[in-house]
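In: need a structure here:
(one chain, ligands or ions: 1)
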Amino acid sequence: MPVPVRKAIFPVGGLGTRFLPATKSMPKEMLPVVDKPLIQYAVEEAREAGIEQFIFVTGRGKTAIEDHFDHAFELQSMLASRNREEALSVVKSTIPDPGQIAYTRQLDPLGLGHAVWCARNFVGMEPVAVLLADDLILSEKGCLKQMIEAYNEVGGNMVAVMDVPDEDVSSYGVIAPGDVKDRLIEVRGIVEKPPLADAPSNLAVVGRYIIQPKVFEDLGRFERGAGGEIQLTDSLSRQLGLQPFNGYRFAGRRFDCGSKIGFLEANIAYALDRDDMRDDVSQILTTFS
Ligand code: UTP
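Out: Sure, this is the predicted structure:
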């Protein structure tokens, strides 16, 4: 069996310019879908998948994320004194065990690959998951748990993939698919943000990865790719042939919460998914048509 995945990296160093002015003083990852920040969904997904150590790669202006995963003493003691047990347990449920979360700063937002590389000393010589909180995935079993179950059979590098329409292909990393076995698709090539004419398929990479330590060596070469950024998919591409590399076509619905429409869609879908909100939201939606 491959070395188990115990750690996860959460790159949260991006600028979130598509959400200005909301993200002027608030990290994009703190935007709430219904009542929970995006980053908390990602942490819960990782925990469900068996992750024990959470590594955040942050940037300037991201302290709200650290505060979110810490005690809020004043709030907690106020809720306790008023016997607001339910609210208190919601607040406490966000707090990890001491030492479970580590923070490092990216210093300069040079791209996703660079953000991941910044976490190298916390990872060491073992595989690690990478979760992008702005890719929110609604599914019965968490996307990362699905991937880790498949990874435990095949090892190597793995990316979550989904089919996207032609007009969206150039916004994603895209794989050249090989052999297919159930949800696993062998990756024969991967290219970041290709023009449609050069795209090897419509299978796009979304923000869940399992990467092997060798990938960090390659990221450390700081080769610039699409958009002048250091791209994670480029380093994965250079590992082709050296270790297994698979795409995992996850079960679930993914929302691009880095975009306004995707974020709104996620709020509606997550509200409709909740027993306490479904009827009211359905009713409200009928008033718009
Ligand atoms: P995006 O491409 O969505 O960039 O990054 P962004 O800066 O967050 O948002 P926009 O485009 O300006 O609105 C994809 C993911 O990679 C992380 C982001 O935090 C996000 O989760 N990222 C990106 C970094 O951590 N560092 C970077 O240098 C770039």
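In: so where do the helices sit in the chain?
Out: Assigned by DSSP state H, the chain shows helices spanning 38-48, 63-68, 73-81, 85-93, 112-117, 120-123, 143-154, 214-219, 232-237, 260-272, 278-286.
In: from the chain's centre, how far out does the longest one sit?
Out: In terms of C-alpha atoms, centre = their mean, to the nearest Å, the gap separating the centre of helix 260-272 from the centre of its chain is 17 Å.
In: Quick check: buried residues in it?
Out: For helix 260-272, burial by neighbour count (16 or more other C-beta atoms under 10 Å) applies to Gly262, Phe263, Glu265, Ala266, Asn267, Ile268, Ala269, Tyr270, Ala271. All C-beta atoms are positioned from the backbone trio N, CA, C, and that covers glycine.
In: Can you pull up the residues of the protein that come close to the ligand?
Out: Residues of the chain lying close to the ligand by C-beta under 6 Å from any ligand atom are 11-18, 28, 57, 106, 109-112, 114-115, 132-134, 258.
In: Can you say which of the residues you listed are buried?
Out: Buried among these (16+ other C-beta under 10 Å): 11-14, 16, 18, 28, 57, 106, 110-112, 114-115, 132-134, 258.
In: show me the contacts for Met26.
Out: Ala64 (C-beta atoms under 8 Å, 6 or more residues apart in numbering).
In: quick one: contacts for Val3?
Out: Glu126, Pro127, Gly155.
In: How many residues are close by Asp166?
Out: 9 (other C-beta atoms under 10 Å).
In: Quick check, it in contact with Pro194.
Out: No: using C-beta atoms under 8 Å, Asp166 is not in contact with Pro194; the gap is 11.7 Å.
In: Show me the common contact partners of those two, please.
Out: With C-beta under 8 Å, 6+ apart, Asp166 and Pro194 have no common neighbours.
In: mind checking how far Glu186 is from Gly173?
Out: Separation of Glu186 from Gly173 (C-beta to C-beta, to the nearest Å) stands at 16 Å.
In: Looking at the two, which is more packed in?
Out: A direct count of neighbours by other C-beta under 10 Å for Glu186 and Gly173 places Gly173 higher, at 25 against 16.
In: Run through the bridge partners of the more buried one.
Out: Glu192 (DSSP bridges).
In: Arg6: what's it in contact with?
Out: Counting by C-beta under 8 Å, 6+ apart, Arg6 makes contact with Gly50, Ile51, Glu52, Gln53, Glu126.
In: Excluding sequence neighbours, find me the nearest residue to Ile210.
Out: Closest residue to Ile210 apart from its sequence neighbours, by C-beta to C-beta, 6 or more residues apart in numbering: Met158 at 4.3 Å.
In: brain fart, Thr17
Out: That would be Thr23: by C-beta to C-beta, 6+ apart, it lies 7.4 Å from Thr17.
In: Hmm, the one you found is touching Gly14, no?
Out: No: using C-beta under 8 Å, Thr23 is not in contact with Gly14; the gap is 9.2 Å.
In: My guess is Ala251 contacts Asp182. True?
Out: No: using C-beta under 8 Å, Ala251 is not in contact with Asp182, being 10.8 Å away.
In: Compare those two (neighbour count), which wins?
Out: Ala251 (12 against 8).
In: Who are the contact partners of that one?
Out: Here Ala251 is in contact with Ser139, Glu140, Lys141, Gln146, Arg183 (criterion: C-beta under 8 Å, 6+ apart).
In: try 7 Å this time
Out: Ala251 makes contact with Ser139, Gln146, according to C-beta atoms under 7 Å, 6 or more residues apart in numbering.
In: so of the buried ones among the residues of the chain next to the ligand, which ones are in strands?
Out: Judged by DSSP state E, those include Pro11, Val57 as members of strands.
In: For the ligand, what's its nearest residue on this structure.
Out: Gly14 (2.1 Å; C-beta to the nearest ligand atom).
In: Sounds good, over and out.
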